[in-house]
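*Asks:* coordinates for the following, if possible.
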Amino acid sequence: MKECRKCMTTQPEENFGNSINHKDGLTNYCRKCNAEYHKEWYHKNKDKVAASQIKYQKENREAINEYYKKRYAENKEAYSEYNRERYIKSKDYIKRMEENGNTKDT
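*Replies:* Next comes the predicted model:
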């Protein structure tokens with residue numbers, strides 16, 4: 001059992017993340033409080049996160065493209081099945097919208 005320093009509740013050790021920086025090997029915040037903290041941080045720093053992601057993608061464009069090419073080649077069947085199902089669902093959706101008179105043409 002360990003106490004979360006944010007919500008001050010005593011919880012089982014499984015509810016805490018691993019940390020090499022702490023003596024007991026666990027973080028000071030429980031997983032729930034840690035998730036809340038990171039969610040708040042993300043919303044406060046959306047511009048910073050977006051800029052970082054764009055920079056990474058520009059600097060690693062070739063590696064990213066290779067990763068997706070390899071992933072597609074290894075999972076061609078799964079991608080085909082997914083796209084087939086998606087196509088059928090979209091066809092059904094369009095048909096229902098036309099039957100209800102909810103088209104952009106009207």
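
*Asks:* only C-alpha atoms for contact and neighbour calcs from this point on.
*Replies:* Noted.

*Asks:* give me the pLDDT value at K95.
*Replies:* pLDDT for K95: 88.

*Asks:* what distance do you get for it to K44?
*Replies:* Counting by Cα to Cα, to the nearest Å, the separation of K95 from K44 is 42 Å.

*Asks:* ok, now E14?
*Replies:* 29 Å.

*Asks:* quick one: the strands in this structure?
*Replies:* With strands called from DSSP state E, the chain shows them at 2-3, 10-11, 16-18, 26-30.

*Asks:* of the ones you listed, which stretch is the most buried?
*Replies:* Most buried of these, by mean neighbour count (mean count of other Cα atoms under 10 Å): strand 26-30, with a mean of 21.

*Asks:* any low-confidence regions in this protein?
*Replies:* In the predicted model, the chain carries pLDDT under 70 at residues 103-106.

*Asks:* how is it divided into domains?
*Replies:* Here the domain parsing of the chain from automatic domain parsing is 2-44, 72-106.

*Asks:* can you redo those as TSV with distance to E62?
*Replies:* Output for the domains of the chain, formatted as TSV (distance: least, Cα to Cα, whole Å):
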stretch	distance to E62
domain 2-44	27
domain 72-106	15
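
*Asks:* I'd like the distance between the residue most central in space within the chain and K32.
*Replies:* Centre of the chain computed as the mean C-alpha position; nearest residue by Cα atoms, centre = their mean is K39, 12.1 Å away. Separation of K39 from K32 (Cα to Cα): 11 Å.
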